[in-house]
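*Asks:* What would the 3D arrangement of this be:
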Amino acid sequence: MHFAISSTWGPTDPTRAMLPFIFAASALQSGDRVTLMLFHDAVLLGVEGMGAKLVPVGPPNRYEEVAGHGGVKLWACKPCVDARGIAACKEADTRVVTF
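*Replies:* Residues are numbered from 1 along each chain as shown. Sure thing, here's the model as predicted:
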């Protein structure tokens, strides 16, 4: 299965920012593919090294595990992926998950 996960949370709320990465890590463990779409504050997670610096309260930081995985596409704003023309959401077996 393919999961398209969008998030708007970034460094201003590290715990919420980590939720899509935790979900993605679980999906990857099951052999699924993941597209993470980062908007608004979450776009800052596309800056090299930023995601690894997050310290969420409670859940572990799964950023490196997910961002470096071959089964993951990480999309960030260009501006917000050309006004949200997000092709990944149109794949037949895609489930869209929003945080």
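*Asks:* count of neighbours near Ser6?
*Replies:* By other Cβ atoms under 10 Å, the residues close to Ser6 number 22. Glycine gets a C-beta too; all of them are placed from N, C-alpha and C.
*Asks:* Do a quick rundown of the strands in the protein.
*Replies:* Using DSSP state E, the strands of the chain run over residues 2-7, 33-38, 72-76, 94-98.
*Asks:* For stretch 34-46, could you pull out the residues that count as buried?
*Replies:* By neighbour count on 16 or more other Cβ atoms under 10 Å, the buried set for stretch 34-46 is 34-39, 41-46.
*Asks:* One more: stretch 56-64?
*Replies:* 56, 61-63.
*Asks:* Identify all contacting residues around stretch 19-27.
*Replies:* 1, 3, 5-7, 9, 33-34, 36, 51, 59-63, 65-67, 72, 97, 99 (Cβ atoms under 8 Å, 6 or more residues apart in numbering).
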